[in-house]
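Engineer: have a look at this prediction, sequence included:
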Amino acid sequence: MDEPEARQRARTFVTRVGAGAMPDMEVCAKAANARVRTEALGQGESGYTIPAGARFVITVSSNESQERQRFTVCHEIAHIILRLPSNHTEVPSWSYAKRDLNEVLCDIFASELLLPYQHFLKRIPEGDPTAEVIELLAADFGASFPATASRYASLASFPCAYVTMERGFVRYAGPNTALRRIGIRLPQKCPMPPGSVAHRLRSMGAFATETDQVAQDVWLENCNGGYELWELARHYGSYDQTISLLWCSENDLPQGEVDRFGKRVDEDNGGLEELTGELKWSKRRRR
């Protein structure tokens, strides 16, 4: 299974359930032949699913926020619908090991269920994103700020990306379609880049949100220098977690193509120079 299939199956499930702008988690769970219960789980444990006869029981942590509990329910429903086994083993933020693919696909499904594509797309206002815009969307859909920012980035029509960081390391960086189609990459599994708004907020240590412009090469790989992009960052000091929303206009991105290795092709060096009548070869002889 890959990302497009997970998204399509999530959207099919949303249509079958008839989920509105803020899906009822009990209704969604019932449609997956499951019921939801809460329990005080250990630190770092959000939830799990166990079979109970012909049905399933989804347990979510009562220690987490309502928004986080909703996402966990959607994630566990994904395991049931996609028939993907769980692997909730924590991957250290400093580790270069990739997160289990099943968990990534279930997060994708959860995002589609919690923030339904058609409803969310209609509510994205014109103009640049702001913390207030993300907070309003989060309230409308009963989702967390990070989950909403990630969904916003994936559906924005302009070049946009979402980055999540823990303990000073980049855990995930996702460019949207507008960035991917021109070959722009973001750093993965590396220290938070100095010069970023996220790095500045983390150095302060407390909960904070800030928006500012940074040089593109702070965040974007294989792009030309001299241009900037906007970064909206929020740091959660109590969890040492940071998220960033990155965006710019199409005109502020490098033009041209990339080769199969992801290296940018310089269009100016693709052919012979224009003939001017001036001889430019060297007069020195070979030895």
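Structural biologist: In hand now; what should we look at? Residues are numbered from 1 along each chain as shown.

Engineer: tell me how many other residues crowd Ala31.
Structural biologist: 18 (other C-beta atoms under 10 Å). In this view, the C-beta of every residue, glycine as well, is placed from N, C-alpha and C.

Engineer: how's the protein carved up into domains?
Structural biologist: Domain segmentation of the chain under automatic domain parsing yields 1-123, 156-257.

Engineer: so which of the ones you listed is nearest Ala131?
Structural biologist: domain 156-257 (5.0 Å; C-beta to C-beta).

Engineer: pLDDT on that closest one, on average?
Structural biologist: Mean per-residue pLDDT for domain 156-257: 90.

Engineer: figure out how far that domain is from the centre of its chain.
Structural biologist: 11 Å (C-alpha atoms, centre = their mean, to the nearest Å).

Engineer: for the stretch 151-287 of the chain, which segments count as strands?
Structural biologist: Along the stretch 151-287 of the chain, counting by DSSP state E, counting those that start in this stretch, strands occupy 160-166, 169-175, 208-215, 228-236, 241-247.

Engineer: make a markdown table out of those and add mean neighbour count.
Structural biologist: Formatted as a markdown table, these follow (neighbours: other C-beta atoms under 10 Å):
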| stretch | mean neighbour count |
| --- | --- |
| strand 160-166 | 24 |
| strand 169-175 | 19 |
| strand 208-215 | 15 |
| strand 228-236 | 21 |
| strand 241-247 | 25 |
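
Engineer: any chance of those strands in a markdown table with distance to Met25 as columns?
Structural biologist: What follows is the strands of the stretch 151-287 of the chain, written out as a markdown table (distance: least, C-beta to C-beta, whole Å):
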| stretch | distance to Met25 |
| --- | --- |
| strand 160-166 | 23 |
| strand 169-175 | 24 |
| strand 208-215 | 28 |
| strand 228-236 | 24 |
| strand 241-247 | 23 |
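
Engineer: picking up where we left off before, Glu132 is nearest to which of the domains of the chain?
Structural biologist: So among these, domain 156-257 is nearest, using C-beta to C-beta, at 10.0 Å.

Engineer: and of the strands of the stretch 151-287 of the chain, who's closest to Ala54?
Structural biologist: Of the strands of the stretch 151-287 of the chain, nearest to Ala54 by C-beta to C-beta is strand 169-175, at 35.8 Å.

Engineer: who are the packing partners of the closest one?
Structural biologist: If you count contacts as 3 or more C-beta pairs under 8 Å, 6 or more residues apart in numbering; DSSP states H and E, strand 169-175 packs onto helix 145-155, strand 160-166.

Engineer: in CSV, list these along with distance to Asp212.
Structural biologist: Converted to CSV, the helices and strands packed on strand 169-175 look like this (distance: least, C-beta to C-beta, whole Å):
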stretch, distance to Asp212
helix 145-155, 16
strand 160-166, 15
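
Engineer: right, and these - which one's nearest Thr49?
Structural biologist: helix 145-155 (19.6 Å).

Engineer: the closest one vs strand 228-236, what angle?
Structural biologist: Relative orientation of helix 145-155 and strand 228-236, computed by axes from the mean of the first three to the mean of the last three C-alpha atoms, to 10 degrees: 160 degrees.
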